[in-house]
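Undergrad: Below is the sequence, then the predicted model.
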Amino acid sequence: MRLFSNTKIDFLGSRRLAYWISAAVIIPGMLLEPLLGFNYSVEFTGGTMMQISTVEPADVARMRQALSDNGVSNAEIVQFGSDTEFVIRARVAVEGADADDTQATVDAVTAALDVALGSGEWEVLLAEAVSPKVGGELRQKAFLAILLSFVAVLFYLWYRFEWRFGAAAVAATVHDILATVAFISIARIEVSLFVVGALLSVVGYSLNDTIVIFDRVRENLRRSKREDFVGILNSSINETLPRTALTSGTSFAVLLALATLGGEVVRPFAMVMLFGIVVGTYSSIFIASPVLLAIERRWPGAQVRGIKSAAPGTTSKRKRPQTVS
Amino acid sequence: MILIAVLVLVSVYNLLPRQQTIRVRTETGAMKDTVVTIMPPNKGLDLKGGMHLGLELDESERVSTDRARDIDLALTILRKRIDEFGVAEPLIQKVGDNRIVVELAGIDDPNRAKAIVQQAAFLEFKITDETGALENVLPAMDRVIRRLGLDAGGTSPGVQQPSAVEVLLGGGGTDSAAADSASQDTTGQDTTRVADDLLIGGTLAGLISTSGFVPGEYLVPETAFPRVDSLLRVPDVRRLLPRDLEFRWNFEPTSVGVQSYRFLYVLQKDAIMDGQHLVDAQAGLDQVTNGPIVTFELDRTGGRRFGRLTQAHVGDYMAILLDNRVQGQPPVIQSRIDRRGQITLDGRSITEARDLALTLKAGALPVPLKIVEERQVGASLGEDSKRAGITAGLVGMLLVVVIMISYYRMAGAVAILALGFYLLFTMGGLAAINATLTLPGLAGLVLSIGIAVDANVLIFERIREELALGKTVRLAIDEGFAHAMSAIVDSNVSTILTAMFLFQFGTGPVKGFAVTLIMGILASMVTAIFVTRTFFMIWIDRKPTMITLSI
């Protein structure tokens, strides 16, 4: 079977359209974010989350009343799947307790549920209690992880290719992060550490995809003397298209399985990744390559021309990394 | 070939189920060694249920002088306690320089586990005051309280008026009457309301009465407990009590008739003995009362000192304090006590006695710990998550198999075979570095199945291109592998870089995800480069005349 083999699509030609599409997704997302905010999990905000299952279908109003009687105000109670499973979130500590003492709030919630549901009539499936201090640390760490991984990748690509490629790849990745963050915000997906993990995986995937195309660009640049840069970019994308389709396809397939069958805990992760794979694939074709072209036009690379004028060389000797002199 | 064989052997060896001996506490409380079979890789709490606690020094009660030392000491003591508690594969480690993380799998009573981890278990024996020091200073204390305006309990002038009347009543009337009036006014557990109502009760003299059983023992209505406690902590009030004496409360309220009282003790500040000389502690039942007790044994030095001091105090009453709360009623010292003694725990269960015995034996925490982070996963949810994760993984893999074989035919089958090796290597690698498989990790594994074929896809596409250029099968394969290599290496290294940052900054489950991802990428590179290639070679060697490749 062959898919997309020997295609000659002018991807670069539609780059203006691609910019508009991306802007149409990202800009409203960015504008909406301050309005919608993020649905941070208690890991990040600090607070107490309890997922419980009850023997009998329970009355949410009664639980809420019992919770506020016990000093746990503004608790969120959400039905989770069936009518005997609930998620309770209390983001602020119980009145009178030290905010960093998570124990007091857990005890208060437990006592309240014993009153509302009767003790022994419910069980804890999942409980998480994080003090605001720990939550703050975690938020900082997650942000740092994303930022530093960017820097590291930029340097690696700089070392292996040259800065133009690195910058274009990072631009495409920033695009993917922004789009995915917009998706998380608009789809009201709870931002847990797991979802941050998904975001970083999207970074990895998007880079992966972009690098495969850039690798071909690098090779074609060395090989051909005649073609202009746009032609090389276009043919590189077209040549790698079957691989792009297949890898995206298999990744999409397993994530679809995870999203539908993997259970409630895995679903947000799988949803973010699914979106990320679509965006990552799109961006390596429609964002990374046009940005590379734009950079190349703005700052014509001596390196690229140097390769063009040099002898093509046997491709098997291509192990040495290209560095900017 | 040899490399593959070695890798397979190592992976299989690491994945073999292994036997581990753990100590389990049976129903009767005896320790028993049990051999359990563990299937590697280790599963995280989110897959098998359990609890994760983040602990920090709680300096609200006792200030640490040397934090680094105290946290290390706490770590050692927690290890001992949890070992005694009998949990399979507990994880107890220091994170950063001020936090301890404890992970306990498969425990059925989280509150009990928390109590064991948190209890400081600081044991002391102190002699009660026999001089009636508190009675002597009570009027003076009340004068100070009135002078400071604390009898109103607050700044509101409205409450001052009635309280003044009550003060007179309380001060003049009998102790019990005042106590009654105070407790009648208060209902419920709401401490702020109790405090408000108690403004009417007023002075300490009205709230504190001698118990008449033991010298230095006083009764305070349970409802007045928070207020009396806070008043006694006021420095100006506290100062009136002789310097070598101190106030201590009983562990729990006691019912006298329909009223609930809290015992207050005035004790000599210097302990005659503390828990550091303790060598053994056992839970049991008192032969007379049938209530739970903890018997303890002291070491030689401790025993000698205890013997000497108890002999000097025969006829006196000795309070037993655990974490600054008096346990049970102080017994009279009838004769010299040497190395053995017992602590009576009225109104508590034998389980609590047993837990106390084990915490005492493990030693006291230098500073109490507070829980700053808690994660608890029910065993049923863990089981569900695991099942869902595996189902999703299998279905996902089936989809990949279908896609690969329908697209690449025979070469696709080779890739699938390589995928089998990939899974084996990944799991074996995870088991070898003793990594824990968490739910995010499982998701990472499933995700990496989708990505693992990428290396193969890159190679196959390349081979197809080379074939299209008219090269021979053998040459096309060689060139395909050679040309695909730079893309494979570059793309995988950048993914590993991001995963490494995730590992560095993530916690618990997410770390598991990063580890699986890194291991998965490494394994996929090894399989694509070595395994797939070897299979291709075998395939070609069998049909040297092959002109068309099923790819």
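TA: That came through fine.
Undergrad: Check which element follows the helix or strand harbouring residue B:319 along the chain.
TA: Per DSSP states H and E: residue B:319 is located in strand B:318-322. With elements assigned by DSSP H and E, the helix or strand that comes after strand B:318-322 is strand B:325-327.
Undergrad: before we move on, the earlier item: if you average the pLDDT over the strand holding residue B:319, what comes out?
TA: Over the span of strand B:318-322, the pLDDT mean works out to 86.
Undergrad: do the same with stretch B:513-525
TA: Computed over stretch B:513-525, the average pLDDT equals 84.
Undergrad: how about it: buried residues?
TA: When neighbours are counted by 16 or more other CB atoms under 10 Å in any protein chain shown, the buried residues of stretch B:513-525 are found to be B:513-521, B:523-525. C-beta here means a position set from N, CA and C on the backbone, and glycine is covered the same way.
Undergrad: Arrange those residues in a markdown table, one row each, with secondary structure as further columns.
TA: Converted to a markdown table, the buried residues of stretch B:513-525 look like this (DSSP: H, G, I helix; E, B strand; the rest coil):
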| residue | secondary structure |
| --- | --- |
| B:513 | helix |
| B:514 | helix |
| B:515 | helix |
| B:516 | helix |
| B:517 | helix |
| B:518 | helix |
| B:519 | helix |
| B:520 | helix |
| B:521 | helix |
| B:523 | helix |
| B:524 | helix |
| B:525 | helix |
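Undergrad: of the residues you listed, list those near chain A.
TA: Counting by CB under 8 Å from any CB of the partner chain, B:513-514, B:517 from those sit close to chain A.
Undergrad: least trustworthy helix or strand in the chain by mean pLDDT?
TA: Using chain A. helix A:302-309 (a mean of 44; mean pLDDT, DSSP states H and E).
Undergrad: my bad, the chain I had in mind was chain B
TA: Taking mean pLDDT, DSSP H and E as the measure, helix B:160-172 is the helix or strand of chain B with the lowest mean score, a mean of 36.
Undergrad: Show me how chain B divides into domains.
TA: The record assigns chain B these domain ranges, following automatic domain parsing: B:21-121+B:369-376, B:122-349, B:379-542.
Undergrad: Where do the domain boundaries of chain A fall?
TA: If you go by automatic domain parsing, chain A breaks into A:12-40+A:135-317, A:47-130.
Undergrad: With distance to residue B:12 as extra columns, can I get those in CSV?
TA: Supplementary listing: the domains of chain A in CSV, determined by distance: least, CB to CB, whole Å:
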stretch, distance to residue B:12
domain A:12-40+A:135-317, 25
domain A:47-130, 35
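Undergrad: Now tabulate those domains in TSV and tack on distance to residue B:49 and mean neighbour count.
TA: Converted to TSV, the domains of chain A look like this (distance: least, CB to CB, whole Å; neighbours: other CB atoms under 10 Å in any protein chain shown):
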stretch	distance to residue B:49	mean neighbour count
domain A:12-40+A:135-317	13	20
domain A:47-130	9	18
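Undergrad: Can you check the pLDDT for residue 313?
TA: Using chain A here. Note on residue A:313: pLDDT of 39.
Undergrad: try chain B instead
TA: In this model, residue B:313 is scored at 88, pLDDT.
Undergrad: give me every residue that touches it.
TA: Contacts here follow CB atoms under 8 Å, 6 or more residues apart in numbering or on different chains; on that basis residue B:313 touches B:127, B:272, B:333.
Undergrad: give me the element residue A:86 is part of.
TA: Here residue A:86 is covered by strand A:85-90, with elements defined by DSSP H and E.
Undergrad: Export only the CA atoms of that strand, formatted as PDB.
TA: In PDB, the C-alpha atoms belonging to strand A:85-90 read as follows (Å, rounded to 0.1, in the frame of the first residue of the first chain):
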ATOM      1  CA  GLU A  85     -19.200   8.700  42.300                       C
ATOM      2  CA  PHE A  86     -18.300  12.200  43.200                       C
ATOM      3  CA  VAL A  87     -15.300  14.500  43.200                       C
ATOM      4  CA  ILE A  88     -15.000  17.000  45.900                       C
ATOM      5  CA  ARG A  89     -12.600  19.800  45.800                       C
ATOM      6  CA  ALA A  90     -11.900  22.200  48.600                       C
END
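Undergrad: Can you name every helix or strand that it contacts?
TA: Judged by 3 or more CB pairs under 8 Å, 6 or more residues apart in numbering or on different chains; DSSP states H and E, the packing partners of strand A:85-90 are strand A:47-54, helix A:60-69, strand A:76-79, helix A:102-117.
Undergrad: Of all those, which one comes closest to chain B?
TA: helix A:102-117 (4.8 Å; CB to the nearest CB).
Undergrad: Show the secondary-structure elements that that closest one is packed against.
TA: Packed on helix A:102-117, when contacts are counted by 3+ CB pairs under 8 Å, 6+ apart, are strand A:47-54, helix A:60-69, strand A:85-90, strand A:122-130, strand B:369-377.
Undergrad: what does the first one rub up against?
TA: Where contact means CB under 8 Å, 6+ apart, the residues beyond strand A:47-54 that reach it are A:41-42, A:80, A:84-93, A:102, A:105-106, A:109, A:113, A:117, A:121-130, A:132, A:135, B:381.
Undergrad: on that earlier part again, among the contacts of residue B:313, name the least confidently predicted one.
TA: The member of the contacts of residue B:313 with the lowest pLDDT is residue B:333, at 82.
Undergrad: list the contacts for it?
TA: With contacts taken as CB under 8 Å, 6+ apart, residue B:333 has the following neighbours: B:310, B:313-318.
Undergrad: residue contacts, the nearest residue to residue B:301 once chain neighbours are set aside?
TA: Once its chain neighbours are removed from consideration, residue B:301 has its nearest residue in residue B:277; the separation is 6.4 Å (CB to CB, 6 or more residues apart in numbering or on different chains). Contacts for residue B:277 were tallied using CB under 8 Å, 6+ apart; they are B:298-299, B:301-303, B:305-306.
Undergrad: got the residues of the stretch 1-150 of chain B near chain A?
TA: Taking CB under 8 Å from any CB as the measure of proximity, the stretch 1-150 of chain B contacts chain A at B:46, B:54, B:56, B:60, B:110, B:114, B:118.
Undergrad: Let's see that with 10 Å instead.
TA: Proximity of the stretch 1-150 of chain B to chain A is assessed by CB under 10 Å from any CB of the partner chain, with B:46, B:49, B:51-54, B:56, B:58, B:60, B:96, B:99, B:110-111, B:114, B:118 identified as the residues in range.
Undergrad: Can you confirm whether stretch A:210-225 lies near chain B?
TA: Yes: taking CB under 10 Å from any CB as the criterion, stretch A:210-225 and chain B are in contact, through A:210-216, A:218-219.
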